[in-house]
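>>> For reference, the sequence and a predicted model appear below.
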Amino acid sequence: MVKISPILFFLLLINLAMKGQSANLDSLLRQLNVVKGDTATINLYLEIGKQYEGTEPLKAKEYYRKAIELSSKMNFYTATIKSLTYYSSVFGVTVEYDSSIFYNEKALALARKIKDSLNTGIALLNIGVAHGYLEDFETAIQYCQEGLKMVEGKSNKKLEAQINDILQVLYWQMAQYDKAIGFGEKAVQQSRQLNLPYQLAQSLSNLSLSYVSKTMQPKAIPLLTEALGIAKGMGNYNLESAILLNLADILMISGDYETVKLYAERSLLLHRELGSQNGEAISLRALAMYYLHKKDFSNARKLATESSVIAKKNNFTLDHAEAIHILSSVAYATGDMRAGTKYYRESGDSIRAMVKKVLSDKSANLEKKYETEKKETQIKKLVAEQKVQRLSIRQKNTLNYILVGSAAALLIISLLLYGNYKNKQKLQQQRINELEKEKQLTATEAVLKGEEQERTRLAKDLHDGLGGMLSGIKYSLNTMKENLIMTADNTQAFERSMDMLDSSIKEMRRVAHNMMPEALVKFGLDTALKDFSNDINKSGALQVSYQSIGLENADIEQITAITVYRIVQELLHNTMKHAAARSAIVQVAKSNGQITITVEDDGKGFDAGILTQPKGIGWSNIQSRVEYLKGKLDIQSEPGKGTSVYIELNS
């Protein structure tokens, strides 16, 4: 089998409707140059991001971040909630569900702050969806039920269709297929009536899952075929790739292997373009099964091996087990009994380990539930016994009350004293931690200030001292030349020496400028960064596009400005040195007492996990400067996908 997957994307806010929904991407990008008004710009950023979401998730994130920054700067809370929700949806596409939960919780907090019940409900539902993807179904249902209470009675038909689709998937995941079909058919009907093609394709594909689970494949295939046509018409690769895999699974059951190959190859292409490791592993496995059926054992082995490597690397336990099972079948088919047995056992061990973990988790929940019920039964029994005892010991009540009261008072006093002691310990430890952190920050500040002071001193000494000396030597040599009679060869040698002296003066001035740019001291951070970017562009090493928001005439402390300049300088040096990039985007923005830095390149990227290993000096310098300004740093990079660095600093 391939793998049938639900398509459960995240809810998008609809109470801030945007114009131009049908506009194509080129038209939207042209509008950026002429759009007037911050609100219109926010809506345009969101629409452009939505256009990119199905094909280039990283581009979508870039425009959603711009919408978040601009709406936050304006204190336009409703637009910020909407932007956060759109941003979180891309993390659903890229299978980063923890990040999706994080940004939806931000939207939830803001919606509760302005007492917006509809957006509060949507944020709760989105968090529930993410927990569903993480297979934490109990938590998912809790959030979804709480969200439903918030949005009920809002007379929003589009939202009702989305919620019915969410419920059908959750019930399908809990194997309650009849309930899932009821909600799914309702979602399909509502999507058709409201003419919502995206939602309709999603609901059709999800409804097919329940039909397949009820062994009703003939009813499922037309639904998936219709959904595939809609996805292709919209040009949404993420939606199309998921539907293709579901179709391949059903056709595998019916034995239509040629169509399975066609769908699996298209799905593999799309998942690789989207950077979906899970989808790539499944598509490779489907193709391996096709070649196994065709007795092309060489291709079957190659594709199944690729699938198992990807699945193992990303901890896709079931996918890894199924890929290994195909390798076992290939080995048996080619007469390699030893390899076949080895793969068969490895597949079984992997599945047993997964089942053991699931059973262990369920067993722990059942034990907890059993213990709770047992305690409740004991409490009821004790209450009944107490009623009987009261009838026989009424005369001793007064004494018992005194004893119980004294014991309770003693216990309360003991608890209060213990609590006070623990609180003091906690406060002392907290103070120790704060002092240690302050000490570290003070040390970092001293190092950074000392470093910049030494840079300034050296730059001044180079420029005023060595620079003046070299200029004096040049003047003296020129004067000497006028009073000497030299041969042609000596004249040529003298001129070369003068050229070398000019080059030395220029190089000395360049080094002094890099150590402490005059533009930074005289004209501020924005001008210094522009000059630095222009210098790189002139060198031809990298094409840098520099953008600034709120930096013009901004009042920034010198140590902060220097720190930001050094961070950007180090990031671009790393890009030129390691990334093999052709272009980079630098954006620095200041708003609400905060400075944000975004540096993105189209280079070869890298595995961000290596940053947890011992780092180079350049990376340590960046982290030290960010920690000094109590900032946050986020890096998104994959091999072949470029690198995006996002930094928030307190100014």
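Yep, that arrived.
>>> Could you tell me which ranges of the stretch 551-651 of the chain sit under the pLDDT cut-off?
Counting by pLDDT under 70, the ranges of the stretch 551-651 of the chain that qualify are 612-618, 651.
>>> Helices of that one, residue ranges please.
With helices called from DSSP state H, counting those that start in this stretch, the stretch 551-651 of the chain shows them at 558-574, 617-628.
>>> Mean neighbour count and distance to residue 352 added to these, as JSON lines?
Every residue, glycine included, has its C-beta placed from N, CA and C. As requested, the helices of the stretch 551-651 of the chain are exported to JSON lines (neighbours: other CB atoms under 10 Å; distance: least, CB to CB, whole Å):
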{"stretch": "helix 558-574", "mean neighbour count": "20", "distance to residue 352": "45"}
{"stretch": "helix 617-628", "mean neighbour count": "16", "distance to residue 352": "42"}
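>>> Next, format those as JSON lines and append distance to residue 149.
Below are those laid out as JSON lines (distance: least, CB to CB, whole Å):
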{"stretch": "helix 558-574", "distance to residue 149": "46"}
{"stretch": "helix 617-628", "distance to residue 149": "41"}
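>>> what mean pLDDT does the helix or strand where residue 228 lies have?
Per DSSP states H and E: residue 228 is located in helix 217-234. In this model, helix 217-234 has an average pLDDT of 88.
>>> returning to that earlier point: of all the helices of the stretch 551-651 of the chain, which lies closest to residue 97?
helix 617-628 (26.2 Å; CB to CB).
>>> CA atoms only: put the closest one into CSV for me.
Only the C-alpha atoms of helix 617-628 are listed here, as CSV (Å, rounded to 0.1, in the frame of the first residue of the first chain):
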residue,chain,number,x,y,z
ILE,A,617,34.2,32.5,15.3
GLY,A,618,31.9,34.4,12.9
TRP,A,619,28.8,32.6,14.1
SER,A,620,29.8,32.9,17.8
ASN,A,621,30.2,36.7,17.3
ILE,A,622,26.7,36.9,15.8
GLN,A,623,25.2,35.0,18.7
SER,A,624,27.1,37.0,21.3
ARG,A,625,25.8,40.3,19.8
VAL,A,626,22.2,39.1,19.7
GLU,A,627,22.4,37.9,23.3
TYR,A,628,23.9,41.2,24.4
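>>> and it with helix 558-574, angle?
Per axes from the mean of the first three to the mean of the last three CA atoms, to 10 degrees, the angle that helix 617-628 makes with helix 558-574 is 150 degrees.
>>> Output the contacting helices and strands for helix 617-628.
helix 397-460, helix 558-574, strand 632-637 (3 or more CB pairs under 8 Å, 6 or more residues apart in numbering; DSSP states H and E).
>>> returning to that earlier point: hmm, who's touching the helix holding residue 228?
Residues outside helix 217-234 that contact it (CB atoms under 8 Å, 6 or more residues apart in numbering): 54, 188, 197-198, 200-202, 204-205, 207-209, 211-212, 239-240, 243-244, 246-247, 250-251, 253-254.
>>> same question, stretch 547-564
Stretch 547-564 is contacted by residues 69, 73, 445, 448-449, 452, 520-521, 524-526, 528-530, 585-591, 595, 597, 625, 628-629, 649, 651 when judged by CB under 8 Å, 6+ apart.
>>> Any of the residues you listed buried? List them.
Among these, the ones that count as buried by 16 or more other CB atoms under 10 Å are 69, 73, 448, 452, 520, 524-526, 528-530, 585-591, 595, 597, 625, 628-629, 649, 651.
>>> Of all the residues in stretch 185-192, which ones are buried?
For stretch 185-192, by 16+ other CB under 10 Å, it's 186-188, 190-191.
>>> oh, I was asking about stretch 170-177
Neighbour counts over stretch 170-177 (16+ other CB under 10 Å) mark 170-173, 177 as buried.
>>> And for stretch 230-237?
Buried, per 16+ other CB under 10 Å, within stretch 230-237: 230-232, 236-237.
>>> Which of the helices and strands packed on helix 617-628 comes out lowest on mean pLDDT?
For the helices and strands packed on helix 617-628, where the average pLDDT is lowest is helix 397-460, sitting at a mean of 60.
>>> Residue 203 and residue 319, how far apart?
From residue 203 over to residue 319 the distance is 26 Å, taken as CB to CB, to the nearest Å.
>>> Residue 555 now?
Between residue 555 and residue 319 the distance is 55 Å, computed by CB to CB.
>>> Of these two, which one has the most company?
Per other CB atoms under 10 Å, whichever of residue 555 and residue 319 has more neighbours is residue 319, with 23 against 7.
>>> just how off-centre is stretch 104-116 within its chain?
Put simply, stretch 104-116 sits 20 Å off its chain's centre (CA atoms, centre = their mean, to the nearest Å).
>>> Based on its surroundings, how many neighbours for residue 640?
By other CB under 10 Å, 10 other residues sit near residue 640.
>>> give me every residue that touches it.
Residue 640 neighbours (CB under 8 Å, 6+ apart): 604-605.
>>> Kindly report the same for the one 10 residues further on.
By CB under 8 Å, 6+ apart, the contact set of residue 650 is 593-595, 629-631.
>>> Inside strands: which ones of these?
If you go by DSSP state E, those have 594-595 in strands.
>>> Redo the contacts of residue 650 as CSV? Include distance to residue 559.
Shown next, in CSV, are these (distance: CB to CB, whole Å):
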residue, distance to residue 559
593, 16
594, 16
595, 13
629, 9
630, 13
631, 14
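>>> ok so, going back, out of the buried residues of stretch 185-192, which comes closest to residue 125?
Here the nearest of these to residue 125, counting by CB to CB, is residue 187; it sits at 13.8 Å.
>>> hmm, back to that, what's the next secondary structure element after the helix holding residue 228?
Note on helix 217-234: by DSSP H and E, the next helix or strand toward the C-terminus is helix 237-254.
>>> rewinding a little: among the buried residues of stretch 170-177, which are located in helices?
Judged by DSSP state H, helices contain the following of the buried residues of stretch 170-177: 170-173, 177.
>>> Max pairwise distance over those: which two?
Across these (CB to CB), the longest gap, 12.1 Å, separates 170 and 177.
>>> Can you list the helices and strands that the strand or helix carrying residue 535 packs against?
If you go by DSSP H and E, residue 535 is part of helix 525-539. The helices and strands touching helix 525-539, judged by 3+ CB pairs under 8 Å, 6+ apart, are helix 518-523, strand 543-549, helix 558-574, strand 583-591.
>>> residues in contact with stretch 92-111?
Contacts with stretch 92-111, where a contact means CB under 8 Å, 6+ apart, come from 9-10, 53-54, 57, 77, 80-81, 84-85, 87-89, 91, 119-120, 122-124, 126-127, 129-131, 133-134, 238, 274-278.
>>> Repeat the analysis, applying 7 Å as the threshold.
Stretch 92-111 is contacted by residues 9-10, 53, 57, 77, 80-81, 84-85, 87-88, 91, 119-120, 123-124, 126-127, 130, 133-134, 238, 275-276, 278 when judged by CB atoms under 7 Å, 6 or more residues apart in numbering.
>>> Could you give me the ChimeraX selection string for whichever of the residues you listed are buried?
With 16+ other CB under 10 Å as the criterion, this ChimeraX line picks the buried residues out of these:
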select :9,10,53,57,77,80,81,84,85,87,88,91,119,120,123,124,126,127,130,133,238,275,276,278
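>>> between the buried residues of stretch 230-237, which is closest to residue 49?
residue 236 (13.7 Å).
>>> Is that closest one in contact with residue 54, as I believe?
Yes - shown here, residue 236 and residue 54 form a contact pair, counting by CB atoms under 7 Å, at 3.7 Å.
>>> Residue 322: helix or strand, and which one exactly?
Assessed by DSSP H and E, residue 322 sits inside helix 317-333.
>>> What residues sit buried inside that helix?
Using 16+ other CB under 10 Å as the test for burial, helix 317-333 gives 317, 319-331.
>>> Now render those residues as TSV, adding distance to residue 269 and pLDDT.
Formatted as TSV, the buried residues of helix 317-333 follow (distance: CB to CB, whole Å; pLDDT from 0 to 100):
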residue	distance to residue 269	pLDDT
317	26	80
319	19	82
320	22	84
321	25	84
322	21	86
323	19	86
324	25	88
325	25	88
326	21	88
327	23	89
328	28	86
329	25	89
330	24	88
331	29	87
